[in-house]
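Student: Here's a sequence, model it:
(one chain, ligands or ions: 3)
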Amino acid sequence: MGNSAARMIPVPKIHVAILMDGNGRWAAARGLPRSEGHRAGVAAVRRIVRVAPQLRIGTLTLYAFSSDNWERPAAEVASLFGLLEDYLRSDAAECTARGVRLRIIGRRDRIPLSLQQAIDSAERQTAAGRILELRIAIDYSSREAILRASCWMLSSLEVSDREFARRLGQVTNGGVAAPDVDLLIRTGGERRLSDFMLWESAYAELHFTQRMWPEFDVADLEAAVEDYFGRERRFGRLPDGAAAS
Ligand code: IPE
Ligand code: IPE
Ligand code: MG
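Tutor: Residues are numbered from 1 along each chain as shown. Ligands and ions are numbered 1, 2, ... in the order given. You can find the predicted model right below:
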């Protein structure tokens, strides 16, 4: 009886955002071209997506290509887009089977047409997924999104956080407002946000790891999530049980 009552309590699901950094350094350390690092990075994406629902993750946002990454050599940009397109085409069916809904956030107007088509088809195919919302950021700039949402709202006198978040979702093709980020992970050793989820991470717990993205595995994600659940989130308030004297 106690068990069935416990089962009725909804388990809170969290939003985890990951800056998948370190592919190039991982490849260089092995004498491989950077593109091989990106390829190994796709394998890491697969393992993380498969395990995410078991770790109470309801939304997973992965930073795959920043708007500033256009500054990289054309061949690297092309190889990244090729890998993303292959991933969307080859994994949409598995995502559908696992209840994973894919959404690509970021600009759509500058990426190759074949990638745009792969995005449309993967989003359509997986639209019924309710187990995990998998958002992949491509040609994404958080500042640009905030600017565009702000311009859109310029004529409104008062805007709530919630309304602004909804607009932000719309300008980045994210559909409805994404929940705030609960846990933000960056692999590769750098401790910066590189224009990722600036608005949505206002109260995110930050987790930086030296691990390069291609070697980030299930145990690393488990450890990060476990650490997250051990943290006390106060949102500006006093800690639980601390009476004001
Ligand atoms: C992250 O790895 C993937 C992208 C930014 C596209 P990097 O390519 O930035 O790898 P490092 O940081 O050079 O090692
Ligand atoms: C951030 O990584 C973008 C992605 C992970 C896709 P970068 O490697 O581009 O960031 P910086 O240049 O080190 O800040
Ligand atoms: Mg990098």
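Student: So which bits of this protein are right by ligand 2?
Tutor: Proximity of the chain to ligand 2 is confined to 19-21, 63-66, 69, 190, 192, 194 under the rule CB under 6 Å from any ligand atom. Every C-beta, even on glycine, is put in place using the N, C-alpha and C of the backbone.
Student: Please give me every residue in contact with the closest residue in space to residue 123 that isn't next to it in sequence.
Tutor: Excluding the flanking residues, the one nearest residue 123 by CB to CB, 6 or more residues apart in numbering is residue 102, at 5.8 Å. Contacts for residue 102 (CB atoms under 8 Å, 6 or more residues apart in numbering) come out as 88, 92, 95, 122-123, 126, 129, 134-136.
Student: circling back to that earlier point, please narrow the residues of the chain next to ligand 2 to those residing in strands.
Tutor: 19, 63-66 (DSSP state E).
Student: how about JSON lines for those, with pLDDT added?
Tutor: Below are these laid out as JSON lines (pLDDT from 0 to 100):
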{"residue": "19", "pLDDT": "98"}
{"residue": "63", "pLDDT": "98"}
{"residue": "64", "pLDDT": "98"}
{"residue": "65", "pLDDT": "98"}
{"residue": "66", "pLDDT": "98"}
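Student: Reformat the residues you listed into a markdown table and put distance to residue 46 and neighbour count next to each item.
Tutor: Formatted as a markdown table, those follow (distance: CB to CB, whole Å; neighbours: other CB atoms under 10 Å):
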| residue | distance to residue 46 | neighbour count |
| --- | --- | --- |
| 19 | 18 | 24 |
| 63 | 17 | 26 |
| 64 | 13 | 25 |
| 65 | 18 | 19 |
| 66 | 21 | 20 |
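Student: just curious, which of the residues you listed is nearest to residue 199?
Tutor: Ranked by distance to residue 199 (CB to CB), those are led by residue 63 at 14.7 Å.
Student: Residue 165 sits in which helix or strand?
Tutor: helix 161-171 (DSSP states H and E).
Student: Outside of the host helix or strand of residue 44 itself, list whatever touches it.
Tutor: Using DSSP H and E, residue 44 falls within helix 34-51. Helix 34-51 is contacted by residues 18, 20, 22-28, 30, 60, 62, 76, 79-80, 83, 86-87, 91, 95, 98, 100, 132, 134, 212-218, 221-222 when judged by CB under 8 Å, 6+ apart.
Student: what's the pLDDT at the closest residue to ligand 1 within the chain?
Tutor: Across the chain, no residue is closer to ligand 1 than residue 24, which sits at 2.8 Å (CB to the nearest ligand atom). For residue 24, the pLDDT comes out at 98.
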